[in-house]
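J.: pasting the sequence and the predicted coordinates here, then a few questions.
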Amino acid sequence: MPDTLLARFLRYVKINTVSTPEAATSPSTPGQWVLLRLLADELRALGAADVSLDDNGYLLATVPATSDKPGVPVVALLAHVDTAPDFNSDQVKPIVHRKWNGKPIVLPDDKRQVIDPARFPTLASAKGHDIVTASGLTLLGGDDKAGIAIIMSLAAHLLAHPELKHGLIRLCFNPDEEVASGVDKLNLDTLGANVAYTLDGDNPGEVVWETFSADSAVVTIEGVSTHPGDAKKSGMVNALHLAARLLVALPRDNISPETTDLREGYIHPSRLEGGVDRTVIKFILRDHDLAELRAKGARLKGLCAGMQAAEPRAKITCTFVEQYRNMGDWLKKDMTPVNLAYDAVRAIGLEPTSPATRGGTDGSRLTEMGLPTPNLFAGYHNPHGPLEWAVVQEMEQSLQMCLALVQLWEQKGVGYKGRPLKKRRAAQPRK
Ligand SMILES: [Zn+2]
């Protein structure tokens, strides 16, 4: 029996690849190695070239070019092997609901968990299709094992059909996307691609090329701690009160995540820790527009400065760390990777859409690092919890889109520059 996309998907989701932000290793958890090694074996069995799994858990492989045309860009396809630490991922039991009848899906191992099409319009539109869910006790892990199954099926198809004309294709399976270190240790010269795509989006037809730009901030408030009994005399300054004042001063109605949508950014206090003597508040700041992001940072800094002036006995510091940037700021300069993805979506009979993502992807970082990397749909929905599902037909559509995409790059992509290649990869002999 041939290895189908669905069979691959079911095989991969059963492996617990949860990542953790608390580990210093890469990958952050041993479960990711299990899937990475399985994929490496499968790639070798398929006949992929250059299969390499490095010490940090980056699995790379090549589908050699079938086209003699000079100047066809090298396209990389990426998916992440880890799943989110937000919900249990131990012993995922995937269930295939064949030709789903459109009724709410009650998950058998916890009947309170119901995937209801009335609540999720994108599910309603999948009536009659084959839906995969978990059993109620775990997430499914379609994010991003749908992407992995699609890329593996693409490789299998291309390696079995050398008559399909395409340039050299690089495959990359990386760890730890969900804990924001998915591309930290990825060597772009070793990857050796001019352009890349992540297969890590949900709705059919989506080509995402705009993400948030993101900073984090830490506000540290040092108060003056004394015995409460003689606090008045001794000049107690309670850092907790100052922290509360700072949070109240941030309007919730238009710049917090709970009250914003679409292209509105926010300042989000995500953690508060401390006591009288010292209180630390962590923030994340998000906006699609870099100038707006900077304005939000200035606003937070201004509030801290105002508080410092009002209470000189305290010491208030506010520091920022750049997290990632909107890939659109780079892609707008040359939209070829987006336009060819649009063509590929149309080639499978869908109309492309490009919502501005309210988050980041591995592609945000890669694009900023010089490798243009839009995100493509992979057919999973509502990830990171028990009510996640994937649609088999949408994964198939994504596979067909990728097949069209690599051939479109051969037909129309010659001359595109993207990220320059090191000689070694450019001179890679064809097999
Ligand atoms: Zn993902």
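T.: Now that the structure is in, tell me what you want to look at. Numbering: from 1, shown residues only.

J.: pLDDT value on R425, please?
T.: As summarised for this prediction, R425 has a pLDDT of 50.

J.: over to I148?
T.: At I148, the pLDDT value in this model is 98.

J.: can you pull out the helices in the chain?
T.: Using DSSP state H, the helices of the chain run over residues 5-13, 30-46, 121-124, 142-160, 188-191, 231-234, 239-249, 252-255, 290-310, 328-331, 336-347, 362-368, 392-412, 423-426.

J.: among those helices, which is nearest the ion?
T.: helix 142-160 (4.1 Å; C-beta to the ion). Using the backbone N, CA and C atoms, a C-beta is placed for each residue, glycine as well.

J.: in that closest one, what's buried?
T.: 142-159 (16 or more other C-beta atoms under 10 Å).

J.: can it be found next to the ion?
T.: Yes: Helix 142-160 lies within reach of the ion by C-beta under 5 Å from the ion, at D143, D144.

J.: can you map out the strands along the stretch 51-200 of the chain?
T.: Using DSSP state E, counting those that start in this stretch, the strands found in the stretch 51-200 of the chain span residues 59-63, 75-80, 95-97, 105-106, 114-115, 131-133, 169-174, 195-201.

J.: pLDDT score assigned to the residue lying farthest from the centre of the chain?
T.: When distances are taken from the C-alpha mean of the chain, K233 lies farthest, 53.8 Å away, according to C-alpha atoms, centre = their mean. At K233 the predicted local confidence, pLDDT, stands at 95.

J.: what residues does stretch 345-355 touch?
T.: 203-210, 338, 341-342, 397, 400-401, 404, 408 (C-beta atoms under 8 Å, 6 or more residues apart in numbering).

J.: in the chain, which residue is most central in space?
T.: Central residue check for the chain by C-alpha atoms, centre = their mean: the C-alpha nearest the mean position is that of T361, 3.6 Å away.

J.: pretty sure it is touching F212, no?
T.: No: using C-beta atoms under 8 Å, T361 is not in contact with F212; the gap is 10.0 Å.

J.: next up, the contacts around the closest residue to V18 other than its chain neighbours.
T.: If the residues on either side of it in the chain are set aside, V18 comes closest to S89, at 4.4 Å by C-beta to C-beta, 6 or more residues apart in numbering. Residues in contact with S89 (C-beta under 8 Å, 6+ apart) are N16, T17, V18, T83, T138, L139, G141.

J.: which of these are buried?
T.: When those are checked against 16+ other C-beta under 10 Å, the ones flagged as buried are N16, T17, V18, T83, T138, L139, G141.

J.: let me know the pLDDT of the first one.
T.: Per-residue confidence for N16 comes out at a pLDDT of 98.

J.: give me every residue that touches the nearest residue to it once chain neighbours are set aside.
T.: When the adjacent residues along the chain are set aside, N16 lies closest to G31, with 4.6 Å between them (C-beta to C-beta, 6+ apart). Neighbour list for G31: I15, N16, T17, V18 [criterion: C-beta under 8 Å, 6+ apart].

J.: now swap in N187 and tell me
T.: Contact criterion C-beta under 8 Å, 6+ apart gives Y58 as the residues in contact with N187.

J.: phi, psi of it?
T.: Its backbone dihedrals place N187 at phi -90, psi 110, with angles given as degrees, to the nearest 10.

J.: ok, now how distant is it from the ion?
T.: With distances taken as C-beta to the ion, to the nearest Å, N187 is found 21 Å from the ion.

J.: tell me which parts of the protein are close to the ion?
T.: Taking C-beta under 5 Å from the ion as the criterion, the chain approaches the ion at residues D143, D144, D200.

J.: recalculate using a threshold of 6 Å.
T.: Taking C-beta under 6 Å from the ion as the criterion, the neighbours of the ion within the chain are H80, D143, D144, E177, D200.

J.: not counting its neighbours along the chain, what's nearest the fourth one?
T.: With sequence-adjacent residues excluded and distances taken as C-beta to C-beta, 6+ apart, E177 is closest to H80, at 3.5 Å.

J.: quick check, the one you found in contact with D176.
T.: Yes: the pair H80 and D176 qualifies as a contact (C-beta under 8 Å) at a distance of 7.4 Å.

J.: and D54, how far is that from S26?
T.: Note on D54: its distance to S26, by C-beta to C-beta, to the nearest Å, is 9 Å.

J.: looking at the two now, which is surrounded by more residues?
T.: Set side by side, D54 and S26 show more neighbours around S26, with 17 against 14, by other C-beta atoms under 10 Å.

J.: what's the nearest residue to the more buried one if we skip its chain neighbours?
T.: Of all residues beyond its chain neighbours, the one nearest S26 is N56 (4.1 Å), with distances taken as C-beta to C-beta, 6+ apart.

J.: quick check: the residue of the stretch 201-350 of the chain nearest the ion.
T.: G201 (8.5 Å).

J.: which residues does that residue contact?
T.: Under the criterion of C-beta under 8 Å, 6+ apart, the contact partners of G201 comprise V208, N375, L376, F377, A378.

J.: drop anything exposed from the residues you listed.
T.: V208, N375, L376, F377, A378.

J.: which ones among those residues lie within strands?
T.: Counting by DSSP state E, those place V208, N375, L376, F377 in strands.

J.: quick check: phi and psi on D130?
T.: Comment: the main-chain dihedrals of D130 come out as phi -90, psi 120, following degrees, to the nearest 10.

J.: contact partners for it?
T.: D130 sits next to L6, V96, H97, R98, K99, W100, V391, V392, Q393 when contact means C-beta under 8 Å, 6+ apart.
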